[in-house]
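S.K.: Structure for the following, please:
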Amino acid sequence: MQESSTVYRKNFSLIIAFLVLISVTFIIALFISYSLTDRYVENEFAAKKIDVQEQTIKSYNDFFQNRIPEITFYHGFLDSASASRYARSVLSDYPFVTRIVFYDVAISKPINNELEGRQLGVNLKSLYEYTLKDRKIVVTRKGRLQDYSDFETMADKLNNFVTIADTSREPTQDDKFKTFYGIQSRKISYLNILSREEVKLYRELQKGSNAASVYKQNMLTFDLDQSLLKLKNPHPELYKNISIRPVVYDPIENENSNITAESPLPGAFSNYKLYLSSPKFYLDAEVDRRFLPIGAMVLLIYFFLVTISWLIYRNLNVNMRLFKLQYDFINNFTHEFKTPLSVIKIAGSNLRGDAELSERQRKQYGKILDEEADKLNDLMNKLLSLTQLENNAINLKVQEVDAEDFVKGYINTFKIKYPEFKLSYKISGSGSFYCDPVLLGSVFQNLMENAYKYSNPGRKELHIDTQINRKNITISFADKGIGIAKEEITHIFKKFYRIENQYNQNGSVGLGLAFCKELVNFMEGEIVVKSKIKEGSVFTVTLPFEPIGK
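M.R.: Got it, this is the predicted structure:
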């Protein structure tokens, strides 16, 4: 349907501007969210290395904080058998401990000032070495030390502690750590912690009292191997490669595609660090994975806004069509009223004039007045009936109708009204059916009027085919008119809809087919149309054989 020029203007520039704005915003939001996700993953890569370190050295911390201090519970009375059981347990539970050396130490007064400056005699009674091979403990007893450095260092610490210790209180944790622990690279030495009473006894030895007394003390040295630490990666999505490297490790050629992080190890492993690395594409995959739900949410919001824009656009279109229908209806309806009224006014003026009228002229004017009044009455009745149908304000009066008499009656009426109108009919099936003859007659009248009106001169033809069976009645109205375009067919049964053509320039308000559809629906039937441009149209009405009266 061609749009007529009206005062109604549709302006979609604001909607277009809104769509452009949300599209630009959508792109910017995606870019910003992706950048923030990328930065967040990079920050996590740098921060989460602490989790990897904690999980990796968890067993070392447990060994250092819990298992080593167990030696103190023996109060220096740890013998080779107990030491062997203890060593088996530690070597089995902590694979990074490769060797344990047990020193059975005797504390006494120094003999002949054997070590200059030492006021306490710290003597080695026996030495045992424990290793694990094929899950079996291997015990090696040695008569002498090959390397005295560990033993001498711990002995000096013990001597100094006894000399300066405050026996009025328990030693602090810092004092205990400095005195009874010896931490070197890949090695930890431990001397069982003295109680205050033991410190007092050892101080008496330093002063020369109880010179004949000898006290037992235990010392153990643990050899560690950092390569046997079990690497644990709680964040495999961030770190692809984890290894333990010397602190000074710095690869000469580090590909630009790799991202690295370092975390130093504590205690006996302080000369080593965790070295974590991931290729750039590995982190990019994690960024994409985390960005996916964010992007989906942004996309959902975008589609929501686009849907709102589409609804606004559709509403504007509907409003425009409604306005146009109303505008055209007012124009056409005014014209439909104006033409008969003008004719009636002219005929009335002539009848009222002073000139003498012949009998023939008087009858002609009377006929004109009658026809124009019928037109006005038909238009008003159609509007009123359509309104009543929509509101179910009329009742269906069903009665038996003879098909041939009914169809033939309307054909004869139209032949008298339009002599050039070629009409034919065919009836198949039983000779009668049940319907409301007044309502069905209105359908006949409208469809026959349309067939005549929308046909070119010389092709004003209509064939009515009626088929009756015990279930329904089908009536087809086939003309050879101008036809209906395919895109118009879905609209022709709408109120006030008019197809723009040479036959609709004057005298159509778009109610005829809408009225027919409402009538057929009210009679519990349906109406469909098939049409081809310049070939004609076929309107088919299907009604139940015996509808239920309303």
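
S.K.: Dump the helix or strand hosting D223 to PDB, restricted to CA.
M.R.: Assigned by DSSP states H and E, D223 belongs to strand 215-224. Extracted in PDB, the C-alpha atoms of strand 215-224 (Å, rounded to 0.1, in the frame of the first residue of the first chain):
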ATOM      1  CA  TYR A 215      74.600 -35.000  81.100                       C
ATOM      2  CA  LYS A 216      73.200 -36.400  77.900                       C
ATOM      3  CA  GLN A 217      72.300 -34.200  75.000                       C
ATOM      4  CA  ASN A 218      71.000 -35.100  71.500                       C
ATOM      5  CA  MET A 219      71.900 -33.400  68.200                       C
ATOM      6  CA  LEU A 220      70.700 -34.300  64.700                       C
ATOM      7  CA  THR A 221      71.600 -33.000  61.300                       C
ATOM      8  CA  PHE A 222      69.300 -33.300  58.400                       C
ATOM      9  CA  ASP A 223      70.500 -33.200  54.800                       C
ATOM     10  CA  LEU A 224      67.900 -31.900  52.400                       C
END
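
S.K.: Direction included, what does the following helix or strand past it pair up with?
M.R.: Of the helices and strands lying after strand 215-224 in sequence (DSSP H and E), the nearest is strand 241-246. Paired neighbours of strand 241-246 in the sheet (DSSP bridges): strand 272-279 (antiparallel).

S.K.: Please work out which residues outside the strand it pairs with touch it.
M.R.: 45, 49, 52-53, 56, 226, 231, 238-247, 249, 257-265 (Cβ atoms under 8 Å, 6 or more residues apart in numbering). Every C-beta, even on glycine, is put in place using the N, C-alpha and C of the backbone.

S.K.: tell me the mean pLDDT for it?
M.R.: Mean pLDDT, strand 272-279: 94.

S.K.: Quick one: distance of that strand to the chain centre.
M.R.: The gap between where strand 272-279 is centred and where its chain is centred comes out at 36 Å by Cα atoms, centre = their mean, to the nearest Å.

S.K.: just to revisit the earlier point, list only those of the contacts of strand 272-279 flagged as buried.
M.R.: Buried members of these, scored by 16 or more other Cβ atoms under 10 Å, are 45, 49, 52-53, 56, 226, 238-239, 242, 244, 259, 261, 263, 265.

S.K.: Can you spell out which helices and strands pack onto the longest helix seen in the chain?
M.R.: If you go by DSSP state H, the chain has its longest helix at helix 280-352. When contacts are defined as 3 or more Cβ pairs under 8 Å, 6 or more residues apart in numbering; DSSP states H and E, helix 280-352 packs onto helix 13-47, strand 258-264, helix 359-390.

S.K.: Would you mind finding the most buried of these?
M.R.: strand 258-264 (a mean of 16; mean count of other Cβ atoms under 10 Å).

S.K.: re earlier: can you lay out the buried ones among the contacts of strand 272-279 as JSON lines showing distance to Y148?
M.R.: Formatted as JSON lines, the buried ones among the contacts of strand 272-279 follow (distance: Cβ to Cβ, whole Å):
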{"residue": "F45", "distance to Y148": "47"}
{"residue": "K49", "distance to Y148": "40"}
{"residue": "V52", "distance to Y148": "39"}
{"residue": "Q53", "distance to Y148": "35"}
{"residue": "T56", "distance to Y148": "34"}
{"residue": "Q226", "distance to Y148": "25"}
{"residue": "L238", "distance to Y148": "47"}
{"residue": "Y239", "distance to Y148": "43"}
{"residue": "I242", "distance to Y148": "38"}
{"residue": "I244", "distance to Y148": "30"}
{"residue": "I259", "distance to Y148": "47"}
{"residue": "A261", "distance to Y148": "41"}
{"residue": "S263", "distance to Y148": "35"}
{"residue": "L265", "distance to Y148": "28"}
